[in-house]
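>>> When you get a sec, could you give me coordinates for this:
(chains A, B, C, D, E and F)
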There are 4 protein chains.
Amino acid sequence: MSNSTKSKKDKKPTRDAARSKSSILSAALLEFSEYGHAGARIDRIAKTAGVSKPLIYDYFGDKDDLYTAALREAYVQIRANELALQLDDLDPESAIKSLVTFTLNHFRSNPWFVSMLNTENLRGGSSIRKIHDVSEIQSNLVGKLEQILERGARQGVFKAGVNPVDFYISIASLCYFPISNIHTLRAVFGCPIDDEWLAQRAEDASQMLLKSLYPDKLSDPK
Amino acid sequence: MSNSTKSKKDKKPTRDAARSKSSILSAALLEFSEYGHAGARIDRIAKTAGVSKPLIYDYFGDKDDLYTAALREAYVQIRANELALQLDDLDPESAIKSLVTFTLNHFRSNPWFVSMLNTENLRGGSSIRKIHDVSEIQSNLVGKLEQILERGARQGVFKAGVNPVDFYISIASLCYFPISNIHTLRAVFGCPIDDEWLAQRAEDASQMLLKSLYPDKLSDPK
Amino acid sequence: MSNSTKSKKDKKPTRDAARSKSSILSAALLEFSEYGHAGARIDRIAKTAGVSKPLIYDYFGDKDDLYTAALREAYVQIRANELALQLDDLDPESAIKSLVTFTLNHFRSNPWFVSMLNTENLRGGSSIRKIHDVSEIQSNLVGKLEQILERGARQGVFKAGVNPVDFYISIASLCYFPISNIHTLRAVFGCPIDDEWLAQRAEDASQMLLKSLYPDKLSDPK
Amino acid sequence: MSNSTKSKKDKKPTRDAARSKSSILSAALLEFSEYGHAGARIDRIAKTAGVSKPLIYDYFGDKDDLYTAALREAYVQIRANELALQLDDLDPESAIKSLVTFTLNHFRSNPWFVSMLNTENLRGGSSIRKIHDVSEIQSNLVGKLEQILERGARQGVFKAGVNPVDFYISIASLCYFPISNIHTLRAVFGCPIDDEWLAQRAEDASQMLLKSLYPDKLSDPK
DNA sequence: TATGAATGAGTATTCATTCAT
DNA sequence: AATGAATGAATACTCATTCAT
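This is a model prediction of the structure:
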């Protein structure tokens, strides 16, 4: 008797709202990143999540709402991963190099994030505009970068006045494009975009970005 | 008067295969770039092209084939546009600046091209791999860039040995990302990515790219 | 009274999977036997079955799968009907006569079965080969026939060594063809193939089949 | 000049009404026999015949009319083939054997005829009823058979009064069914219906049919 | 005589979503 | 909290048939 009351909770949590929600969200993120918004299938999400379709509608609303939740989740997860990066102990130049390498590897290791960004931009950003809690979305890497740039400027190795957001966008540009467009690049240029090529690219990008940070000497005495 | 009898050919050529094919292709390019592969609707393409659906299947095969044709068409059109760019008369540094500005404006003015690339990469490049006539796809900008880099190296303003494909990818990266990801960038960073911002970005990118080309002199003797 | 509350289950079970499946199967058998495989319409099946089209796809797969299920159902139903035939109490000659008459009437009364067989053979038997549970398909009439032949041989009225399958095919041939080809026979020979004609044919066929079973005595000493 | 006028007719008869009609008819017979009425495709017929689709409509009317023409053609061709059979020189018993063997081989060698009959009967005979010139359809085998039966009766080897049409239908039944239903028979009975089996069947059928023709002696003195 | 161009009306199949329990 | 049963509205694709030359 006492067993029968317990067993509901202990053995098989067939009824666990939090667990179900999280399963759905993971499955949705996977599905939307793999097939895009229009290509995603609620059926597949339900099967992957191991729940019934009505449950999805109960918890998240319609397909659009679920997509928006998955997009937010993509940002939440990627931001969580960023916390792993430690730059404070490094000198400014090494910190930039580290940041660049990390960013490229980050995109490389989490293709679902790249896919979600592409998908959302193809849709005109209609969903991301609904996410008003910007703090969940924003990267703390920009903050870290700002500190590095300031430190570098104070030490005289970097020029002053570099906008951290703009510079972060440059970093992202150089790291994102070769990952995002890997298939067309391969087909059009025939170049083998593999781990080695990407490692070299991280190196080249670091050099380019660093050079743009060095103070202008006699050559540009403005 | 004799012309007026002929005019039935000029005005409304109701049965003109070439014209119909071209209408379909244009409409398909528009539709696929706006809605992606899964989101595109054959119905809408037919209506936009002003033809019936069966004609589309007659001329292009199924949806996938039509998509592949539209993707090829995107490249064909973008490559045709590139021919307008004249760089031969400029000194190496100006030529690079021109190329960067042109590339960014090119992406900005032809959003359908950016969309098609994103869509195709989201799909894993399965269609672009079918296009075996690579010459139709390849950009002659890489060739032009190669000449500029050689000229610059000969003149001593650029260092030698820069791989033109790699460098072109750097240019493309810096120009593509802010256009491609414009909606998420606006939402996440709150920055106003407008014409002014993009013009400044072209300028910044040019500077960064040029600095990476300058020979490493005493200034960077590491 | 207490029953009246339950009656919602009895009267209109709006959600009853078994019932829906069975409705679909009956409707499909009707449709395929009347219009053939290519001529059958899923729309019509759905309407006849009183369900929506998606339900058909949910339960049976595509049109081909549904056709295969209907073909199996045809055999299942016809075999079930065969169980009604009682031959054990009859002497061998009467048993053969009974079997022949029953077989002809069986084809006559269940034209959907003849149609399904013709349709399947026109299609090259591609579906029946998929039905691996042969026991559902096989007729127990062959078994009954085997017993009759053995009994007749023991009693000396039939010759021994007659292959029951071959003999059953002879019976089926003589009974099937006039039913199956009733329309062309009418047109070509102008003969009135009606109930009377068919009754006579059953009689003639019985005689022919029986004569072929009699032992070869002095009468045919070739 | 004289050449140019000639060349139209001599070299490539691209315009030859009779030829085109005959091509279409052959192609239609092939198509309808292989795919049935609903499964047949005008496109495929045009391609097989090597003509354009409008030509088919010009010459034969709509699909139904073409089907009817193909059905008539099936009979015309099969009747032409029957003329090859020579039975006059044989004694009655041999003639029957010959006729049976020929009939079975005939069905076996011309499966398109069997298919057309099945198809037409599945459709309820609506097309064959339109063919009013019955002489084109009727088999002269019945006439030949009548002579054989009479000859046999005169010679005392066959009993008198056998209806030739009924007897021909018996022959056809025994020969048609194993060919027509070859696929279901194989699946249901697992028996190998090959050339050897069919040869044996022709033999068995001949015996059965002959026995039914022999005069009834003491055993049935009516 | 002959055909390339074109389409209206289907036709199988899918998919987001809701109902009843 | 959860789901099996069910469907309206598409959606890609087909096919007999006609038009214009």
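
>>> In chain A, spot the helix with the most residues.
helix A:17-39 (DSSP state H).

>>> Can you point out the buried residues in that helix?
The neighbour-count check on helix A:17-39 (16 or more other Cβ atoms under 10 Å in any protein chain shown) flags A:20-21, A:23-33, A:35-39 as buried. Heads up, the C-betas are built off the backbone N, CA and C, glycines and all.

>>> Chain B next: which of those are close?
Filtering these for neighbours of chain B using Cβ under 8 Å from any Cβ of the partner chain leaves A:Tyr35, A:Gly36, A:His37, A:Ala38, A:Gly39.

>>> Surely the fourth one touches B:Glu34?
No - here A:Ala38 lies out of contact with B:Glu34, judged by Cβ atoms under 8 Å, at a distance of 11.4 Å.

>>> Would you tell me which residues of chain A are close to DNA strand E?
With Cβ under 7 Å from any atom of the strand as the criterion, chain A comes near DNA strand E at residues A:Ala40, A:Arg41, A:Ile42, A:Asp43, A:Lys53, A:Pro54, A:Tyr57, A:Asp62, A:Lys63, A:Asp64.

>>> how about a cut-off of 10 Å?
Applying Cβ under 10 Å from any atom of the strand, we find that chain A lies next to DNA strand E at A:31, A:35, A:37-46, A:52-58, A:60-67.

>>> Just the buried ones from those, in PyMOL syntax?
A single PyMOL command selects the buried members of these (16+ other Cβ under 10 Å):
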select buried, chain A and resi 31+35+37+38+39+40+45+46+55+56+60+63+66+67
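
>>> Low-confidence stretches in chain A?
Scanning chain A for pLDDT under 70 picks out A:1-14, A:217-222.

>>> Point me to the residue of it nearest chain C.
Residue of chain A nearest chain C, by Cβ to the nearest Cβ: A:Asp43 (11.0 Å).

>>> quick one: the helix or strand encompassing A:Ala95 near chain B?
Using DSSP states H and E, the element containing A:Ala95 is helix A:92-109. No - Helix A:92-109 does not reach chain B (Cβ under 8 Å from any Cβ); its nearest approach is 10.3 Å.

>>> Other residues contacting stretch A:156-164?
Contacts to stretch A:156-164, defined as Cβ atoms under 8 Å, 6 or more residues apart in numbering or on different chains, come from residues A:Pro92, A:Glu93, A:Val142, A:Leu145, A:Glu146, A:Leu149, A:Gly152, A:Ala153, A:Leu213, A:Tyr214, A:Pro215, A:Asp216.

>>> Can you say which two of those residues are spatially most distant?
Spanning the widest gap among the contacts of stretch A:156-164 are A:Val142 and A:Asp216, at 24.2 Å by Cβ to Cβ.

>>> which of the two has more neighbours?
Neighbour comparison, A:Val142 and A:Asp216: the larger count goes to A:Val142, with 15 against 11 (by other Cβ atoms under 10 Å in any protein chain shown).

>>> The helix or strand hosting the more buried one - contacts with which helices or strands?
Assigned by DSSP H and E, A:Val142 belongs to helix A:141-155. Secondary-structure packing of helix A:141-155 (3 or more Cβ pairs under 8 Å, 6 or more residues apart in numbering or on different chains; DSSP states H and E): helix A:92-109, helix A:164-180.

>>> Let's have those in TSV, adding distance to C:Met208 and mean neighbour count.
Listed next are these as TSV, based on distance: least, Cβ to Cβ, whole Å; neighbours: other Cβ atoms under 10 Å in any protein chain shown:
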stretch	distance to C:Met208	mean neighbour count
helix A:92-109	82	19
helix A:164-180	81	22
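
>>> Indicate which one of those helices is closest to C:Phe113.
The closest of those to C:Phe113 is helix A:164-180. By Cβ to Cβ, the value is 61.1 Å.

>>> Following the closest one in sequence, what is the next regular element?
As assigned by DSSP H and E, the chain's next helix or strand after helix A:164-180 is helix A:182-189.
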